[in-house]
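Asker: Here's my sequence, what's the structure:
(chains A and B)
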Amino acid sequence: MRVRFAPSPTGYLHLGGARTALFNWLYAKHNNGACILRIEDTDRTRSTDEYIDEIIKGMNWLGLECDEGPFRQTDRFDTYKSYVERLLNDGKAYHCYCSPEELDKNRKEAMKEGRALKYNGRCRDLKEPVPGVDPVVRFRMPQEGSTVVDDLIRGTVTFENEQLDDLIIQRSDGTPTYNLTVVVDDVDMEITHVIRGDDHLNNTPRQIQLYQALEYEIPRFAHLPMILGSDKARLSKRHGATSVMAYYDMGYLPDAIVNYLVRLGWSYGDQEVFTRDELIKYFSFESVGKAASIFNPEKLLWLNSQYIMNSSPEELADLVIPFLVKDGTVSEEQELDRQWLSRAVHTLQERAKTLVELAASLRYYIAEEIEYDEKARKKFLNTESRELLVELKEGLDAMTEFSEEGIEKLFKDVAEQHEVKLGKVAQPVRVSLTGGTQSPGIFEVIDVMGKEKTVQRLERAIQSIS
RNA sequence: GGUCCCAUCGUCUAGUGGCCUAGGACACCGGCCUCUCACGCCGGGAACACGGGUUCGAGUCCCGUUGGGAUCACCA
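Answerer: Now for the predicted structure:
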């Protein structure tokens, strides 16, 4: 069992491409088969090496490494040429001398008259070459009967051959075109299952005809439904057709992206969150839907928060460091105590939806100085709370051993003495320590922050009042 | 326009003729928990596009309508 992911390096790996890669990868893993990465770069004007690197980087980040490749089609031009020669010699392809302008004119006329947009076959039976013109090579498409696509997702789809065009398989500059190269490569690379986007379904009968002309076995096909933007239009930059690496920058975990993507069109009962192993075990085309689905950023975000909650603090601590550096919270050389950082991360895990948010909250644990949120300062750091802060500071300063329980007892004692609720005590402290009104439980914050920093910040808060 | 595909809550989906008074998840709205914010828990509103058949019985099968999408390049 062999599958392939065959992106064209004319852009970054976006969510749609990533999902196609994912379904190929899952199907291969599920069946203990191989996944081949093939770069379809025959359009030399639009393909770049930079995009190739970016695509591979994106796949690696998502953990979708292929078993073979990358193979580049531009390295295989001689092979394609020999197949074209074969078709030409067998009379299954012919030279066409029509100019692009002429073709364009015919197309427009056909459009105006409401006919199918199809090559008129002018050069089909030409006996002599036209001098001074570099011809393209067209495939002589059978015009009788019909072609049936047997698709793992869509079932049986029938196309009338008379609808099929004599497609160009080699350009006038001698380079091959897509419909030929896919077939040749899938044959050469012994691909058994072609898994790709829905947008290729209409190409499939043409390719089947090519397989038949070449007398090769036809692989199985599976055409995945598209991913649409919120306006039901094709996914564009606006909705998320940006590079998957942009999601790295936004603080998403690769497993969350994978989990989100797989549930777009595929399901396993009511289960929403899957481990990678479960995905491999359960994946099947039988439970892939046929309808296109709309990309929903909120659900992705929710999944990401789930993955952050369920990750180990140690793992998250490692992952968040680049974001702390980016924020300027720590410098590149700075050595952080990993064990301590993990404790800090642990207090924030169920509050952060992304690594970016996590890094932002971590800032008050790590930074030397904090800034007060102005509204919070006004409301909680005032003469009313000053005495409480002084007592708390002294109490904490006097503690020989720091523990959550001890801190809690101190807070409750102070609250009781002043006959106020715990909230009256906790909020001013929270603002003093974190600068804002939202944070993990105040006892754990103090415990993680440590005596020195806590006392110092309380002192500063008291100073700011007078 | 031709051809092809698709159609269950706003969104992702469960559903493979009776378990459907249509289930779950995100989002939204209440409530509980509580030192704040989250998490968690409990509850709420919200869908079978429409019209014909087939059948004792249809969200599920068939046909049509409507709506959406894809594709028709010397792009892939």
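Asker: Compute the number of surrounding residues for residue A:326.
Answerer: Taking other C-beta atoms under 10 Å as the criterion, the count of residues near residue A:326 is 12. To be clear about C-beta, it is placed using only N, CA and C from the backbone, and glycine gets the same treatment.
Asker: And stretch A:345-352, how far out from the chain middle?
Answerer: Computed by C-alpha atoms, centre = their mean, to the nearest Å, the chain-centroid distance of stretch A:345-352 equals 24 Å.
Asker: Need the per-residue pLDDT for residue A:127.
Answerer: Note for residue A:127: predicted pLDDT of 80.
Asker: in the stretch 351-466 of chain A, what residue is nearest RNA strand B?
Answerer: At 2.9 Å from RNA strand B, residue A:441 is the closest residue in the stretch 351-466 of chain A, using C-beta to the nearest atom of the strand.
Asker: And for that residue, nearest residue in space, chain neighbours not counted?
Answerer: Of all residues beyond its chain neighbours, the one nearest residue A:441 is residue A:347 (7.7 Å), with distances taken as C-beta to C-beta, 6 or more residues apart in numbering.
Asker: Could you double-check that residue A:158 lies in contact with residue A:151?
Answerer: No. Counting by C-beta atoms under 8 Å, residue A:158 does not reach residue A:151; the two are 11.3 Å apart.
Asker: So for these two, which sits in the more crowded spot?
Answerer: residue A:151 (18 against 9).
Asker: what's the distance between the residue lying closest to that one once chain neighbours are set aside and residue A:153?
Answerer: Excluding the flanking residues, the one nearest residue A:151 by C-beta to C-beta, 6+ apart is residue A:221, at 4.9 Å. Computed as C-beta to C-beta, to the nearest Å, the residue A:221 to residue A:153 distance reads 8 Å.
Asker: cool, residue A:368 as well?
Answerer: Counting by C-beta to C-beta, the gap from residue A:368 to residue A:153 is 57 Å.
Asker: mind listing what's buried in the strand or helix carrying the residue nearest to residue A:151?
Answerer: Element membership for residue A:221 (DSSP states H and E) is strand A:220-224. For strand A:220-224, the neighbour count (16 or more other C-beta atoms under 10 Å) marks A:221-224 as buried.
Asker: Pull the distance from that strand to the chain's centre.
Answerer: Here strand A:220-224 is found 21 Å from its chain centre; the criterion is C-alpha atoms, centre = their mean.
Asker: That strand and RNA strand B in contact?
Answerer: No. No part of strand A:220-224 sits near RNA strand B under the criterion C-beta under 7 Å from any atom of the strand; the closest distance found is 7.8 Å.
Asker: how about the helices in the stretch 1-150 of chain A?
Answerer: Under the criterion DSSP state H, counting those that start in this stretch, the stretch 1-150 of chain A contains helices at A:15-30, A:49-61, A:77-89, A:100-113.
Asker: same check, this time on the stretch 151-300 of chain A
Answerer: A:178-188, A:204-214, A:244-249, A:254-262, A:276-282, A:297-310.
Asker: quick revisit: ok, and what's touching the strand holding residue A:221?
Answerer: A:19-20, A:23, A:27, A:149-154, A:192-198, A:200-201, A:204, A:265, A:285, A:288 (C-beta atoms under 8 Å, 6 or more residues apart in numbering).
Asker: for stretch A:107-122, same thing?
Answerer: So stretch A:107-122 is contacted by A:96, A:98, A:103, A:106, A:138, A:163, A:165-166 (C-beta under 8 Å, 6+ apart).
Asker: The same query, at a cut-off of 6 Å, please.
Answerer: Residues from elsewhere that reach stretch A:107-122 (C-beta atoms under 6 Å, 6 or more residues apart in numbering): A:98, A:106, A:165-166.
Asker: repeat for stretch A:435-445
Answerer: Contacts with stretch A:435-445, where a contact means C-beta under 6 Å, 6+ apart, come from A:347, A:370-373, A:376, A:404, A:407-408, A:426, A:429-430, A:433.
Asker: likewise stretch A:54-71?
Answerer: With C-beta under 6 Å, 6+ apart, stretch A:54-71 has contacts from A:7, A:12-13, A:21, A:25, A:34-39, A:244-245, A:254, A:258.
Asker: burial measure for residue A:73, as a count.
Answerer: For residue A:73, the tally of surrounding residues (other C-beta under 10 Å) stands at 24.
Asker: can you tell me how far it sits from residue A:447?
Answerer: 59 Å.
Asker: Now the phi/psi pair for the residue in chain A sticking out farthest from the centre, please.
Answerer: In chain A, the residue that sits farthest from the middle, by C-alpha atoms, centre = their mean, is residue A:417; the gap is 55.6 Å. Note on residue A:417: its backbone torsions stand at phi -60, psi -40 [degrees, to the nearest 10].
Asker: doesn't residue A:405 fall inside a helix?
Answerer: Yes. Applying DSSP: H, G, I helix; E, B strand; the rest coil, one finds residue A:405 inside a helix.
Asker: confidence score at it?
Answerer: Confidence score, pLDDT, at residue A:405: 88.
Asker: Count the residues that sit near it.
Answerer: For residue A:405, using other C-beta under 10 Å, the count is 9.
Asker: What is the helix or strand that contains residue A:414 packed up against?
Answerer: Assigned by DSSP H and E, residue A:414 belongs to helix A:404-417. In terms of contacts (3 or more C-beta pairs under 6 Å, 6 or more residues apart in numbering; DSSP states H and E), helix A:404-417 is packed against helix A:383-398, helix A:422-434, helix A:442-449.
Asker: Great, nothing more from me.
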